[in-house]
Structure formats: C-alpha cells, structure tokens
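Here is a sequence together with a model predicted from it:
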Amino acid sequence: MTATLQASYFGASATEPAGVDATTGIRFNREDTQAGSSAAIPIPQTGPRTNYAFHKQIAFTVTATDPTTSIGNRTIKLATNVSLPTGVILYFLATGVYRQASAGNSPLDTTANGAVPIDPNSDGTYVAMTTSPQSFDVTVVSSGALGRNGGFSRLMFAVDARYTGGAGMLTLPNIIIGYDES
C-alpha cells in the first residue's frame, strides 16, 4: 500500500490549522482566505512599483497512511507552456514555520519593478517560480501519520507597473507540486 497525499492550503488562523484541499484552487488577494475576492491587489498605475498579495501557504497532507513509506524531496513549479503577462511574477518561500497571512506578515510594496519580496519575518528567501521543479523541502518524513507532512511552501503573487494584462481577475497557470516516495 502507498500513502495518499493531498496538496493543502493552510491559513485563516492565528495558529497552524488543519489543511484544507488546495486542489480546488487558490486566489491571490490581500486577505487571509483561500479564495476570497474582496481585497484585490492594486495594479500600480505609476512606476516603477511592485505590489504584493498576502502570502498563501501550502503543504502536503497525508490523507491515508502507510507506515512503510516516507515522503521527501518536495518540489514546486509552474505548469509547462505558460505565458504570463509582463509584470506578473509568482514566488515561493520554503519554510517549516506557519505564519498567518496579514499586512504585518506580508512583504511591503516596493518602488521598483520586478522586486523580489522580502519576508518581514526572516523565515526564508522568496524565489521566482519557473517551469522547472524547484525544491521547497528535502526532508524525508514517514507517511505513517495523518496530517501535514513536511514543510510549507509560502506562495506570493506580485504585480508591477509593467503589467500588460487587463483589469479584473487574471487566470494563472497551474502550480504543480511533487515529491518522492521511498
């Protein structure tokens, strides 16, 4: 038997909550929700400038255990053949620490285009997502227990003054997370 894993969203709580299914999607915004839409990220009207969403945290959760296997080498990437508008960048930060999304825990907007977000909590460094798998947690953890398995990938969406898309919602490519099972 092999373990069953699910990509899960972790948020909307001051302390680490149980994860909820992230395969239904995540909406980047400036609120501590998985899919809310009341606090859009403002598109910079003058530049240079980069505005950031609140971070969204994902991790794997074990939904059916297998004490004889382990999960390791967790990776993240954008789906292949993506074409994002100029001025839109997706980032991730590898961390084992849960942080509730808020204005105080999110990077401050900056006066530069394409600025890499700086984590105000010093939990790690944001890296731009690409179409190649990038590691966010290499630790090997037994899949013998239900719940979160391994660290978080804290996701960040940025839009800068070079943005070439229109107003309204932007549909982003799928984010693919992978792992090795041993």
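Yes, it's here. Residues are numbered from 1 along each chain as shown.

Kindly provide the distance from the most centrally placed residue in the chain to Leu172.
The C-alpha lying nearest the average C-alpha coordinate of the chain belongs to Leu155 (Cα atoms, centre = their mean; 2.1 Å). To Leu172, Leu155 is 10 Å away according to Cβ to Cβ, to the nearest Å. (Glycine included, C-beta is placed from N, CA and C.)

Need the overlap of contacts for the two.
28, 90 (Cβ atoms under 8 Å, 6 or more residues apart in numbering).

Please give the element, helix or strand, for the residue nearest to the centre of the chain.
Leu155 belongs to strand 147-160 when assigned by DSSP states H and E.

Just the buried residues of that strand, please?
For strand 147-160, a neighbour-count test (16 or more other Cβ atoms under 10 Å) marks 148-160 as buried.

Need these in a markdown table (columns: distance to Asn73).
A markdown table is the format used below for these (distance: Cβ to Cβ, whole Å):
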| residue | distance to Asn73 |
| --- | --- |
| Arg148 | 16 |
| Asn149 | 12 |
| Gly150 | 10 |
| Gly151 | 12 |
| Phe152 | 15 |
| Ser153 | 13 |
| Arg154 | 18 |
| Leu155 | 19 |
| Met156 | 22 |
| Phe157 | 25 |
| Ala158 | 27 |
| Val159 | 31 |
| Asp160 | 32 |
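
Between these, which sits nearest Ala79?
If you rank the buried residues of strand 147-160 by distance to Ala79 using Cβ to Cβ, Leu155 comes first, at 14.3 Å.

May I have the residues that are in contact with the nearest residue to that closest one once chain neighbours are set aside?
Spatial nearest neighbour of Leu155, excluding adjacent residues (Cβ to Cβ, 6 or more residues apart in numbering): Lys56 at 4.6 Å. By Cβ under 8 Å, 6+ apart, Lys56 lies in contact with 9, 11, 26, 28, 34, 101, 154-156.

List the residues that contact the residue nearest to the centre of the chain.
Shown in contact with Leu155 (Cβ under 8 Å, 6+ apart): 26, 28, 55-58, 90-92, 175.

Any figure for the gap between the residue lying closest to Ser182 once chain neighbours are set aside and Gly147?
Leaving aside its chain neighbours, Ser182 sits nearest to Ser70 (5.3 Å; criterion: Cβ to Cβ, 6+ apart). Remark: distance between Ser70 and Gly147 (Cβ to Cβ) = 15 Å.

Right, I'll leave it there.
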